[in-house]
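Undergrad: From the sequence below, what's the structure:
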Amino acid sequence: MLFQKRFWPGLADGSITLAFRRWKRATVKAGGTLRSPGGLLAIEAVERCALKDITAEDARAAGYASKRELLDALKRREGALHRVRFAPAGADPRDALRRDDALSDEDRAAIDAALDRSDQSADAPWTRAVLGWIAEEPGRRAGDLAPRLGLPLKVFKQRVRRLKTLGLTQSLKVGYRLSPRGRAYLARATTDG
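TA: Model (predicted):
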């Protein structure tokens, strides 16, 4: 479940507590958590609803100025309408991980193993090449990098999210850069050979 950038401050300060999505099948469930740009969210409820059930108060809790604005946004999508209620659940654990550049031998081995698994689940190894490209060209558009692997943009972005989950990369307004952890990993991989 993704959020437009304009909603990120409200997710971070807890003023946005609802989201409405049209799905064929819900992608989150009550009791789970969701990483968002505003931090970790605890999913409290996911229920199907009808447009007529949405109130002006619901629209404000979802970060919209009015019910009309929310309804207009929902018209552009297909699928069953779902109401998702959530609450802030702390900082995204990837934030601290990205800043942690003091890699132990165990950390290095765990990252190596995770990258190897990602390489093995793909048609060809890609993880270290992509880390190298991001290191050499921070801020390069994903649309410029994806063709280097011969991948559709969507698949490339999904792969880079795996690197982000390991704390190795950070998304920029345009493109990516290595995190302090990613720089430390790459430096150590280069020196350890």
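Undergrad: what mean pLDDT does the helix or strand containing residue 116 have?
TA: Using DSSP states H and E, residue 116 falls within helix 105-120. Per-residue pLDDT over helix 105-120 has a mean of 94.
Undergrad: What does the residue nearest to residue 157 when sequence neighbours are not counted show for phi and psi?
TA: In this structure, residue 157 finds its nearest non-sequential neighbour in residue 142, 5.5 Å apart by C-beta to C-beta, 6 or more residues apart in numbering. No exception for glycine: its C-beta is placed from N, CA and C like everyone else's. Dihedral pair for residue 142: phi -60, psi -30, per degrees, to the nearest 10.
Undergrad: just to revisit the earlier point, using CSV, list the CA coordinates for the helix holding residue 116.
TA: Only the C-alpha atoms of helix 105-120 are listed here, as CSV (Å, rounded to 0.1, in the frame of the first residue of the first chain):
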residue,chain,number,x,y,z
ASP,A,105,31.8,-10.1,10.1
GLU,A,106,28.4,-11.5,10.9
ASP,A,107,26.7,-8.5,9.3
ARG,A,108,28.7,-8.8,6.1
ALA,A,109,28.0,-12.6,5.9
ALA,A,110,24.2,-11.9,6.4
ILE,A,111,24.2,-9.3,3.7
ASP,A,112,26.2,-11.6,1.4
ALA,A,113,23.7,-14.4,2.0
ALA,A,114,20.7,-12.1,1.3
LEU,A,115,22.2,-10.8,-1.9
ASP,A,116,23.1,-14.3,-3.0
ARG,A,117,19.5,-15.4,-2.5
SER,A,118,18.2,-12.4,-4.5
ASP,A,119,20.6,-13.3,-7.3
GLN,A,120,19.6,-16.9,-7.3
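Undergrad: mind listing what's buried in it?
TA: 107, 111, 114, 115, 118 (16 or more other C-beta atoms under 10 Å).
Undergrad: ok, the last one touching residue 128?
TA: No - using C-beta atoms under 8 Å, residue 118 is not in contact with residue 128; the gap is 10.1 Å.
Undergrad: domain parsing for the protein?
TA: 5-91, 94-192 (automatic domain parsing).
Undergrad: ok now the shortest one, how far from the chain's centre?
TA: The chain centre lies 16 Å from the centre of domain 5-91; the measure is C-alpha atoms, centre = their mean, to the nearest Å.
Undergrad: thinking again about what came up before, neighbours around the residue nearest to residue 157, how many?
TA: 17 (other C-beta atoms under 10 Å).
Undergrad: For it, give me the pLDDT.
TA: pLDDT, residue 142: 92.
Undergrad: can you map out the helices along the protein?
TA: 8-13, 56-61, 67-75, 93-99, 105-120, 127-136, 142-149, 153-165, 180-192 (DSSP state H).
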